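> structure of the sequence below:
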Amino acid sequence: MLITIVSFIGVLAVLVVVHELGHFLTAKAFGVKVLEFGIGYPPRLFGIRRGETLYSLNLLPLGGFVKMEGEVDPDSPRSLASKGTGTRFVVMAAGAFMNALLPILIFSVLFMAPQKALAGDVQVQAVAPDSPAQRAGFQVGDRILRVDGRAIENNLDLSYLIMLNLGAQTTFQVQRSDGTHTLYAVPRWKPPAGQGATGITVETLDLHEVSRRYPPWVAVPKAFQKLGDVLVLAKNEITRWITGASRVQMAGPLGIAQITGEVARAGGIVPLLELVALLSINLAIFNILPIPMLDGGRITFVVIEWVRRGKRIPPEREGLVHMIGFALLIALAVVITYFDLLRIVRGESFLR
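Residues are numbered from 1 along each chain as shown. Take a look at the predicted model:
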């Protein structure tokens, strides 16, 4: 329990600080007066004033905030509301941008650090009848070398790239006794029970441990590729929810705490850093959506103002929309927390 609490608070603190730092730095850069940089939500535990800004630590560790002068009142020359639409757009979007940038940094560091991995020969053991693999010409005994140009060294590599290419034509390079062959298959969104997306069963032979690290000029591009992969996998998972191929899974604060604790206990620092990166991506996407009360909802009003050539929505109407959005978000959080609590009481894992 202690590991879960400590790891959850640590992960959350990193995500919150990075997000709010984006708002804070851009606000300062554009001359907006920042009244308070808060970690957690009030009541306040303590605060330190540096210049015109109060840096506070608050009791409820479920988020953070940057309080700027005049967020809706343009009367003060250093208020956020007194700035142009471009400035307000940048300040409001900076939090999500920082959350999108954090995974690049984490993935780059992990690619540059020495990492142990399992490698071997991935060999086809069975091909399901009338499956994409059979139609593509897969044969028992094929050694899978590459998928869409990426090297395959174990079962997880293969599963990862197949999930990345659901519904899309995928190029497989396989080795047989008579040489190398190129095969083309389209992994299925909803395969029959007992079959995978392509219909092949594989086994990794001659499995052994290897250690790798990459120089910065290789690690950074690989980090960007990894970020792109995560976004595609998220899109594919949502599509699987819609098609009924997978059940919807969402987690609130309790669920995220459970996941963080499980990862911290099972894998140590590297999987925990990867989890931080994944949560940061999710936070960036969620925050930039046009949902009232979130950054994306506020950005929507800035865009509307720009389209209307500077004519603003009255602050009281915008405030009402955000209040309704806040109520709906709280209701959704309560529902998700209820199911998180049921899962924890039943002793179920979110990861399995």
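> quick one: least confident helix or strand in this structure?
One helix or strand of the chain scores below all others by mean pLDDT, DSSP states H and E: helix 253-267, with a mean of 77.
> and it, what's buried?
By neighbour count on 16 or more other C-beta atoms under 10 Å, the buried set for helix 253-267 is 253, 254, 255, 256, 257, 258, 259, 260, 261, 262, 263, 264. C-betas here are computed from N, CA, C, even on glycine.
> just put those in CSV and tack on distance to residue 239.
Shown next, in CSV, are the buried residues of helix 253-267 (distance: C-beta to C-beta, whole Å):
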residue, distance to residue 239
253, 27
254, 27
255, 22
256, 23
257, 28
258, 26
259, 22
260, 27
261, 30
262, 26
263, 26
264, 31
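> out of those, which is nearest to residue 305?
Nearest to residue 305 out of the buried residues of helix 253-267 is residue 253 (C-beta to C-beta; 33.3 Å).
> may I have the helix or strand following the least confident helix or strand of the chain exported as CSV, CA atoms only?
Using DSSP states H and E, the helix or strand that follows helix 253-267 towards the C-terminus is helix 269-288. Presented in CSV, the C-alpha positions along helix 269-288 are these (Å, rounded to 0.1, in the frame of the first residue of the first chain):
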residue,chain,number,x,y,z
ILE,A,269,11.9,2.4,-12.4
VAL,A,270,11.9,1.8,-16.2
PRO,A,271,8.3,0.6,-16.5
LEU,A,272,7.3,3.4,-14.1
LEU,A,273,8.9,6.0,-16.3
GLU,A,274,7.1,4.4,-19.3
LEU,A,275,3.9,4.7,-17.4
VAL,A,276,4.6,8.4,-16.7
ALA,A,277,5.1,8.9,-20.4
LEU,A,278,1.8,7.1,-21.3
LEU,A,279,-0.2,9.0,-18.7
SER,A,280,1.4,12.3,-19.9
ILE,A,281,0.3,11.6,-23.5
ASN,A,282,-3.2,10.8,-22.2
LEU,A,283,-3.3,14.0,-20.2
ALA,A,284,-2.2,16.1,-23.2
ILE,A,285,-4.9,14.6,-25.4
PHE,A,286,-7.6,14.9,-22.8
ASN,A,287,-6.7,18.4,-21.9
ILE,A,288,-6.7,19.7,-25.4
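> which neighbouring elements make contact with the next helix or strand after helix 269-288?
Proceeding C-terminally, helix 269-288 gives way to helix 295-307 as the next helix or strand, assigned by DSSP H and E. The contact analysis (3 or more C-beta pairs under 8 Å, 6 or more residues apart in numbering; DSSP states H and E) places helix 295-307 against helix 85-112, helix 269-288, helix 315-345.
> surely residue 56 is in contact with residue 43?
No. The criterion here is C-beta atoms under 8 Å, and residue 56 misses it with residue 43 at 10.2 Å.
> the two: who's more crowded?
Higher neighbour count among residue 56 and residue 43: residue 56, with 20 against 8, using other C-beta atoms under 10 Å.
> okay, and the more buried one sits in which element?
Here residue 56 is assigned to strand 53-68, by DSSP H and E.
> who's in contact with stretch 69-86?
With C-beta atoms under 8 Å, 6 or more residues apart in numbering as the test, stretch 69-86 has contacts from 27, 30-35, 68, 88, 91, 302-303, 305-306, 310, 315, 318-319.
> scratch that, stretch 37-48 is what I was asking about
13, 16-17, 20, 24, 36, 53-67.
> may I see the buried residues of that stretch?
37, 38, 39, 40.
> the residues you listed in helices, which ones?
Of the buried residues of stretch 37-48, none are assigned to helices by DSSP state H.
> want to try JSON lines for these, with distance to residue 112 as columns?
Converted to JSON lines, those look like this (distance: C-beta to C-beta, whole Å):
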{"residue": "37", "distance to residue 112": "31"}
{"residue": "38", "distance to residue 112": "34"}
{"residue": "39", "distance to residue 112": "29"}
{"residue": "40", "distance to residue 112": "33"}
